[in-house]
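Trainee: I'd like to go over a predicted model; first the sequence, then the structure.
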Amino acid sequence: MKLIQKKIIMNEEEMKRTLKRLTHEIIEKSHGIENLVLVGIQTRGVYLAKRISLELKKITKKIVSLGILDITLYRDDVTSISHQPIVKETKIQFDVTGKNVILVDDVLFTGRTIRSAIDEIIDFGRPKTIKLAVLVDRGGRELPIQPDFVGKKFPISKNELICVHLKEIDKIDSVVLKEKR
Amino acid sequence: MKLEHKDLLGLEYLSKAEIELILKTAKPFKEIFTRTVKKVPTLRGKTVVLLFYEPSTRTRTSFELAAKRLSADTVNIAISSSAVVKGESLIDTAKTIEAMKADFVIIRHSMSGAAHIIAKTISASVVNAGDGMHEHPTQGLLDMFTIIEKKGKIKGLNIAIIGDILHSRVARSNIWGLNKLGANVFVVGPSTLIPKEIKKMNVEVHYNIAEIIHKLDVVNILRIQKERQQQHLFPSLEEYSELFGINSEKLRNAKSDILIMHPGPMNRGIEISTEVADSKNSVITEQVTNGIAVRMAVLYLLAGGDGGECESFNS
């Protein structure tokens, strides 16, 4: 299978603006950020959560706790697929009980990752609320899960793919539409 | 990167990359122990049978906890209460377990190669938890994991295994693994407990710890099996302790950050002094914790877990 690049749907400048807008929406909808914590889903959600937390600090002068979640061990297909990511670090060094958790991920597709993430978070405690922020919603849900904060809605077909590149690991900030051939 | 094996029978049969994959995978599992819910749902619905033909508390408990923390169901077959005492053969026992639809069989047996026989007989994944004088791969892996955690690497380190090398499966698994990862491996002990052929495994043999103590980064002290004394392999426990027991006197010329390891259970005052066992250089209790993480990684990878590169795929 080959991946062919079809279109750039977000460049560096647009990503910056999108994250800024997402941060403002999070502040607005959360009625302040006193009880707010951000949890990024490995791998790219972690960096996006970090960026949102920096943006939050710029706007509100306050620091929110940041957690890292690896959902590999909570997947529903561990033993049935031939390829899956290696288990990565999970790091939640605060009590989630009573908190308003914002889960952060790069691309929302089937919703299965988010289902796993919710299950895992709940094993850490009982948050007051869990909300979901994603950079791109590509449609194609298989579970009744919807995002609360969306950077860009971009419905695509099954044989297409959204690739999010972030400077921290990919040297470039961009969101690219690719096609599987 | 994927573990291309159904079973884990010994470190002899793993490549350097495969050993590194297991060690790398074990790391995030350790974090789970610090959670309130020390359990993840990964192996829900899988069955792990613990088949122990030799007494063992720590290895069996470690495997059982590893399986349970991955949400697998575990069944213990203790030898004294099993059909084996009624005369059932190893292969028949294995087939019976297979018929019960177990997904994993963890086996310890006094006969070298027992795990291989079972692995060939059944389709479930077999993990060798010690077979005779052959291998104890998860002990080797957890020792290496602990060394990397403390020293940051294995390559180039001087690591000595001290004691009864002849009867030790822990020694053999360590030697295979450490050599593959580029350590300089030394074995030290009485000549009667060091087989001549061990040199073929690419180790340096010494009969006096004082000769090499100053350059060692790690000493892994083996348990002296008291029953061996009846075979007259060494004159007395006192003499063994005098010549090979690790105490602060023998460590006087050692590096200040030398790592003291022991697979347990310890005979305090024989192969290791209490002072050394409880010193700040000792990582013996950490080995126990790491053992669970390493065994979780092994079960996870054998279950089909993979270090694939498809993370850019949306889900």
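Mentor: The structure has been received and is ready for your questions.
Trainee: now the residue of the stretch 101-250 of chain B found nearest chain A: closest residue in space, sequence neighbours ignored.
Mentor: For the stretch 101-250 of chain B, the residue closest to chain A is B:Asp103, as judged by C-beta to the nearest C-beta, at 8.7 Å. The way it works is simple: take the backbone N, C-alpha and C, and place the C-beta from them, glycine included. In space, B:Asp103 comes closest to B:Lys46 once its chain neighbours are excluded; the distance is 4.3 Å by C-beta to C-beta, 6 or more residues apart in numbering or on different chains.
Trainee: angles on the backbone of the one you found, please.
Mentor: For B:Lys46, the backbone dihedrals (degrees, to the nearest 10) come out as phi -90, psi 150.
Trainee: element containing A:Val175?
Mentor: Using DSSP states H and E, the secondary-structure element containing A:Val175 is strand A:174-180.
Trainee: buried set for that strand?
Mentor: If you call a residue buried by 16 or more other C-beta atoms under 10 Å in any protein chain shown, then strand A:174-180 has these buried ones: A:Ser174, A:Val175, A:Val176, A:Leu177, A:Lys178.
Trainee: again with stretch B:272-288
Mentor: Under 16+ other C-beta under 10 Å, the buried positions of stretch B:272-288 are B:Ile272, B:Ser273, B:Val276, B:Ala277, B:Asn281, B:Ser282, B:Val283, B:Ile284, B:Gln287, B:Val288.
Trainee: could you do stretch B:26-38 as well?
Mentor: Buried residues in stretch B:26-38, counting neighbours by 16+ other C-beta under 10 Å, are found at B:Ala26, B:Lys27, B:Pro28, B:Phe29, B:Lys30, B:Glu31, B:Ile32, B:Arg35.
Trainee: reformat those residues as JSON lines; add distance to chain A.
Mentor: Below are the buried residues of stretch B:26-38 laid out as JSON lines (distance: C-beta to the nearest C-beta, whole Å):
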{"residue": "B:Ala26", "distance to chain A": "9"}
{"residue": "B:Lys27", "distance to chain A": "8"}
{"residue": "B:Pro28", "distance to chain A": "5"}
{"residue": "B:Phe29", "distance to chain A": "7"}
{"residue": "B:Lys30", "distance to chain A": "10"}
{"residue": "B:Glu31", "distance to chain A": "6"}
{"residue": "B:Ile32", "distance to chain A": "8"}
{"residue": "B:Arg35", "distance to chain A": "6"}
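Trainee: can you pick out the most distant pair from those?
Mentor: B:Ala26 and B:Arg35 (16.3 Å; C-beta to C-beta).
Trainee: walk me through the domains of chain B.
Mentor: According to automatic domain parsing, chain B is divided into the following domains: B:11-135+B:289-302, B:137-287.
Trainee: before we move on, the earlier item: out of the buried residues of stretch B:272-288, which sit inside strands?
Mentor: Using DSSP state E to define strands, no part of the buried residues of stretch B:272-288 is located there.
Trainee: hmm, who's touching stretch B:138-149?
Mentor: B:8, B:11, B:19, B:22-23, B:26, B:59, B:63, B:127, B:129-130, B:154, B:157, B:159, B:169-170, B:173-174, B:176-178, B:181, B:218, B:220, B:259, B:261, B:263, B:283, B:286-287, B:290-291, B:293-295, B:298 (C-beta atoms under 8 Å, 6 or more residues apart in numbering or on different chains).
Trainee: any quick PyMOL command for the buried ones out of the residues you listed?
Mentor: Buried members of the contacts of stretch B:138-149, defined by 16+ other C-beta under 10 Å, are picked up in PyMOL with:
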select buried, chain B and resi 8+11+19+22+23+26+59+63+127+129+130+154+157+159+169+170+173+174+176+177+178+181+218+220+259+261+263+283+287+290+291+293+294+295+298
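Trainee: which ones among the contacts of stretch B:138-149 are found in strands?
Mentor: B:Val127, B:Ala129, B:Gly130, B:Ile159, B:Val218, B:Asn220, B:Leu259, B:Met261.
Trainee: tell me, how many residues neighbour residue 136?
Mentor: Reading this off chain A. 26 (other C-beta atoms under 10 Å in any protein chain shown).
Trainee: the chain in question should be chain B.
Mentor: Here the count is done by other C-beta under 10 Å, and B:His136 has 26 residues near it.
Trainee: quick one: it and B:Val127 touch, right?
Mentor: No: between B:His136 and B:Val127 there is no contact, the gap being 10.6 Å when judged by C-beta atoms under 8 Å.
Trainee: ok, now which ones touch A:Ile52?
Mentor: A:Leu19, A:Leu22, A:Thr23, A:Ile26, A:Leu38, A:Ile102, A:Val104, A:Ala133.
Trainee: what's the answer for B:Val298, then?
Mentor: B:Leu8, B:Ile22, B:Ala66, B:Val127, B:Thr138, B:Leu141.
Trainee: repeat that with 10 Å
Mentor: B:3, B:8, B:22, B:25-26, B:63, B:66, B:104, B:106, B:125, B:127, B:137-138, B:141-142, B:305 (C-beta atoms under 10 Å, 6 or more residues apart in numbering or on different chains).
Trainee: for chain A, see how far away it is.
Mentor: Applying C-beta to the nearest C-beta, to the nearest Å, one obtains 12 Å for the distance of B:Val298 from chain A.
Trainee: okay, that residue: pLDDT?
Mentor: We have a pLDDT of 96 for B:Val298.
Trainee: in the chain, which spans are helices?
Mentor: Going with chain A. For chain A, applying DSSP state H gives helices covering A:12-30, A:44-60, A:112-124, A:167-170.
Trainee: hmm, no, I was thinking of chain B.
Mentor: With DSSP H as the definition, chain B shows helices at residue ranges B:16-32, B:58-69, B:90-99, B:114-121, B:137-151, B:169-180, B:237-244, B:274-277, B:284-302.
Trainee: send over the second one as CSV, restricted to the C-alpha atoms.
Mentor: Pointing back at helix B:58-69 there. Backbone C-alpha positions of helix B:58-69 (Å, rounded to 0.1, in the frame of the first residue of the first chain) are rendered in CSV as follows:
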residue,chain,number,x,y,z
ARG,B,58,8.5,-15.6,44.0
THR,B,59,8.6,-16.6,40.3
ARG,B,60,5.1,-18.1,40.5
THR,B,61,3.7,-15.1,42.3
SER,B,62,5.4,-12.7,40.0
PHE,B,63,3.9,-14.4,36.9
GLU,B,64,0.5,-14.6,38.5
LEU,B,65,0.6,-10.9,39.4
ALA,B,66,1.8,-10.0,35.9
ALA,B,67,-1.1,-12.0,34.3
LYS,B,68,-3.6,-10.5,36.7
ARG,B,69,-2.5,-7.0,36.2
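Trainee: for it, name the packing helices and strands.
Mentor: Contact here means 3 or more C-beta pairs under 10 Å, 6 or more residues apart in numbering or on different chains; DSSP states H and E; on that basis helix B:58-69 packs against helix B:16-32, strand B:47-52, strand B:73-78, strand B:104-109, strand B:125-131, helix B:137-151, helix B:284-302.
Trainee: can you list the weak-confidence ranges in chain B?
Mentor: Low-confidence regions of chain B, defined by pLDDT under 70, span residues B:1, B:80-87, B:305-315.
Trainee: just want the most central residue of it.
Mentor: B:Gln139 (1.0 Å; C-alpha atoms, centre = their mean).
Trainee: circling back to that earlier point, let's have the helices of chain B in a markdown table, adding distance to A:Ile71.
Mentor: Supplementary listing: the helices of chain B in a markdown table, determined by distance: least, C-beta to C-beta, whole Å:
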| stretch | distance to A:Ile71 |
| --- | --- |
| helix B:16-32 | 12 |
| helix B:58-69 | 17 |
| helix B:90-99 | 32 |
| helix B:114-121 | 32 |
| helix B:137-151 | 24 |
| helix B:169-180 | 31 |
| helix B:237-244 | 49 |
| helix B:274-277 | 40 |
| helix B:284-302 | 14 |
